[in-house]
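Novice: Here's my sequence, what's the structure:
(chains A and B)
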Amino acid sequence: MRKKDFDVIVVGAGPAGLAAGYVLAKAGVDVIIIERGKFPGSKNVMGGIFYREPMDDLIPDFYKEAPLERHIIEQRMWLMDDTSHFSFGIKTQKHNVEPYNCFSVFRAHFDKWFAKKVVEAGALLINETVVTEPIVEDGKVVGVRTDRPQGDLYADVVIAADGVQSFLAKSLGLRKKITPEKVAVGVKEIIGLSEDQINDRFGVKDASEGVTIEITGPFLKGMEGMAWIYTNKTSVSIGIGVIVKDMIEHRKNPNDLLEELKAHPSIAPLIEGGDTKEYLAHLIPEGGYYSVPKMYTDGFMVAGDAAMLVDSVHREGSNLAVESGKLAARTYLEARQAGDFSERMLSRYQEKIEESFVLKDLKHYRNLPELLEEKRYLLTDYPQFIIDAMIELYTVDGTPKPEKFRKLKEELKSRFGYVNLAKDIFTIWRKMR
Amino acid sequence: MKKLRIEDKLYLIGYNVDHEYNHLGISDPEMCKTCEKKQCTYVCPASVYTWDEKEQKININYDACVECGTCRIACDYITWKYPRGGFGVAYKFG
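Specialist: Below you'll find the model as predicted:
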């Protein structure tokens, strides 16, 4: 019989790997999770919003115990240029009651806690260890090689939750090389402020209530990207993510962009007097549906960022990671019952992902990355028109309102042309359908 | 808020520097001499890469690397590996 150290090896203790580890350990599976950081979460970065539902399904009422920051009761969207922003959004008391909708969170705190739960459930966690390559025998993945002396480990199945770079998925040919137009570089700062300052500036009652602001528009000078501010208990997370290709072409440095964002007149007052606690950077897979690889092969499954599972429209990623980790683990349990870890058996994982919200959501927006790549003016010219129109309508200068509307209509016609406008609306509608 | 330089920000990050192993490199340094954009010198969020005009080469300050991998996506000649287990960046917040 072939050597076997564990039933399952999970690579990476982020949300995907930990979710897989939790399901497996709870089911009595002999599972090891290998993490390259000093502790789970120490290498992880995200924008900072974590949705409750997929995690609650795993650990009911986790939010009562987990280290979370604020639950989010208001989500704002800003169209911003260099001097102005147009704001819309939703604030609701429906998100101000338990079990809540989503939370601001720090990965380093949350993942550490989550890992503790996984270890309590019976998984073995090894930190400070890099998995260097998969071990393949007769075309089957049978284990992993690590950077420890005599560090080869064997198992029936390897679940790769090794993040956006996923050298494992790549070396097995499941993933293509990431190209600069399919990935964004995100940089973020944690800026410390007092509870009262945050509550006053963001209009919430106390340190449990939180606000998010997502920012796009001509401020980004035609680069495809998004900026954000999220409230934590005694800090705000402020960040900006831009497609790497655009960053290269515009000869921009991510930190310079972040500094420009912080200095914007709409944003500076929100962070005034704060002190920066940490600066962070990470890649965000933005390719969407078409960049999701085949997620399995003999003895092997891929989950989370490693499988490019990010819904950039709704800035969701960690909840997709949790869901995929869970489904990979459940597929293993079925495979174990059947005593079959072949590619054919593990293909059920991809089916499960397709039936879940994960791929359904990504499929819904499948043509959006391409659309935005082609029609960059959707991110600049239209938002600029909306900002200018709002300024015009709210400027009282003796011009009667009917004339203002007439002017705006003319402006719309001369800037875009009604035919182009109709075409764009139709294209967006068709691609989002 | 006062404008922060990248050097100031890097002081805020916890690192466990591996003094014996450089995880970053350039497979063909000759290419750097003809590279027009030298995108590694500006896309890196930690400014790890700088162009040394006198020596005609890219200097790599690997201690400052935050392991995002942007350089690797931006340039095919950059060889990028994870730091050894336990080394490299260790975020407090994440």
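Novice: At the contact with chain A, which residues of chain B appear?
Specialist: Applying Cβ under 8 Å from any Cβ of the partner chain, we find that chain B lies next to chain A at B:1, B:3-4, B:6, B:9-10, B:12-13, B:16, B:37, B:39, B:42-47, B:66-70, B:72-74, B:82-86, B:88-94. All C-beta atoms are positioned from the backbone trio N, CA, C, and that covers glycine.
Novice: What parts of the stretch 151-300 of chain A come near chain B?
Specialist: Neighbours of chain B within the stretch 151-300 of chain A, by Cβ under 8 Å from any Cβ: A:164-165, A:167, A:178-180, A:183, A:185, A:187, A:189-191, A:235, A:244, A:247-248, A:251-255, A:259, A:262-263, A:268, A:271-274, A:276-283.
Novice: ok, the most centrally placed residue in chain A - contacts?
Specialist: Residue closest to the average C-alpha location in chain A (Cα atoms, centre = their mean): A:G317, at 3.1 Å. Contacts for A:G317 (Cβ atoms under 8 Å, 6 or more residues apart in numbering or on different chains) come out as A:M46, A:I284, A:G304, A:D305, A:L309, A:V310, A:D311.
Novice: Turn those residues into JSON lines, including secondary structure and pLDDT.
Specialist: As requested, those are arranged in JSON lines below (DSSP: H, G, I helix; E, B strand; the rest coil; pLDDT from 0 to 100):
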{"residue": "A:M46", "secondary structure": "coil", "pLDDT": "95"}
{"residue": "A:I284", "secondary structure": "strand", "pLDDT": "97"}
{"residue": "A:G304", "secondary structure": "helix", "pLDDT": "98"}
{"residue": "A:D305", "secondary structure": "helix", "pLDDT": "97"}
{"residue": "A:L309", "secondary structure": "coil", "pLDDT": "97"}
{"residue": "A:V310", "secondary structure": "coil", "pLDDT": "96"}
{"residue": "A:D311", "secondary structure": "strand", "pLDDT": "94"}
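Novice: Just to be sure, A:V142 is in a helix?
Specialist: No: in this structure, A:V142 is strand, not part of a helix, as judged by DSSP: H, G, I helix; E, B strand; the rest coil.
Novice: Mark which of the residues of the stretch 151-300 of chain A next to chain B are part of helices, please.
Specialist: If you go by DSSP state H, those have A:F167, A:V244, A:M247, A:I248, A:P254, A:N255, A:E259, A:K262, A:A263, A:A268, A:I271 in helices.
Novice: can I get those residues in JSON lines with distance to A:P60?
Specialist: Putting these into JSON lines (distance: Cβ to Cβ, whole Å) gives the following:
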{"residue": "A:F167", "distance to A:P60": "35"}
{"residue": "A:V244", "distance to A:P60": "39"}
{"residue": "A:M247", "distance to A:P60": "42"}
{"residue": "A:I248", "distance to A:P60": "46"}
{"residue": "A:P254", "distance to A:P60": "39"}
{"residue": "A:N255", "distance to A:P60": "41"}
{"residue": "A:E259", "distance to A:P60": "43"}
{"residue": "A:K262", "distance to A:P60": "39"}
{"residue": "A:A263", "distance to A:P60": "44"}
{"residue": "A:A268", "distance to A:P60": "42"}
{"residue": "A:I271", "distance to A:P60": "36"}
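Novice: Lowest-confidence one in the residues you listed?
Specialist: Confidence by pLDDT is poorest for A:F167 among those, given 94.
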